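Q: fold the following.
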Amino acid sequence: MKNHFFLIVLAAVLVLAACNDEPQSNKDATLPTNTEITPKIKEGVAADENNPVPKILQGADLAIGKRQFAKCRACHTTGKVGASRIGPNLYSVFGAQAASKPKFRFSKALRESGIIWDAQTLDKWIANPRQYVPGTTMAFVGVRDTEKRRALLAYLYAQTHDAIEEDN
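A: Take a look at the predicted model:
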């Protein structure tokens, strides 16, 4: 049984590593730290005072974000009732404390990080998880391109809030 789990994890790592086709040009770029709020990302992605959308995600291309999320889909779901896979379900991740999903085994490094997930912290995490939280067990190599990360974050925001419900 342990050998099967190891093979599955190894296969997932290899798939994710192969998916990283990001150019090195924007390697260290991160999103600006602007925390102003706006009422929508794009037309059709609503928000209200209880569910504000970070301004830095406004205008992001959700189609690009959806394509970028294909790299994440092998390990994560985003729907309100989605199950955890190799990685945790990401519903309601914005505003949540890192490693707070029940019934998922997180690394000690992530549990002790004290991170609250917002657009800036998720941006740093998605850019390079192992650099942002040394000791994490997440095998994803990251998305280095700033605009692709921004689009991915906007898509993730839209998919993990009640503004758009699509169970994956």
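Q: let me see the contact set for residue 66.
A: Counting by Cβ atoms under 8 Å, 6 or more residues apart in numbering, residue 66 touches residue 155. Every residue, glycine included, has its C-beta placed from N, CA and C.
Q: and the gap between the closest residue in space to residue 132 that isn't next to it in sequence and residue 84?
A: Spatial nearest neighbour of residue 132, excluding adjacent residues (Cβ to Cβ, 6 or more residues apart in numbering): residue 124 at 4.7 Å. Distance of residue 124 to residue 84, given as Cβ to Cβ, to the nearest Å: 22 Å.
Q: now do the strands in the protein.
A: 37-38, 53-54 (DSSP state E).
Q: out of the ones you listed, which gets the lowest mean score?
A: Here the lowest mean pLDDT among the strands of the chain goes to strand 37-38, at a mean of 32.
Q: just to revisit the earlier point, in this structure the residue nearest to residue 132 contacts residue 142, no?
A: No. Applying Cβ atoms under 8 Å, one finds residue 124 not in contact with residue 142, separated by 9.7 Å.
Q: tell me which of those two has more neighbours.
A: Counting neighbours by other Cβ atoms under 10 Å for residue 124 and for residue 142 shows that residue 142 has the greater number, 21 against 17.
Q: report pLDDT for the residue lying closest to that one once chain neighbours are set aside.
A: Leaving out its chain neighbours, the residue that sits closest to residue 142 by Cβ to Cβ, 6+ apart is residue 128, at 4.1 Å. pLDDT, residue 128: 97.
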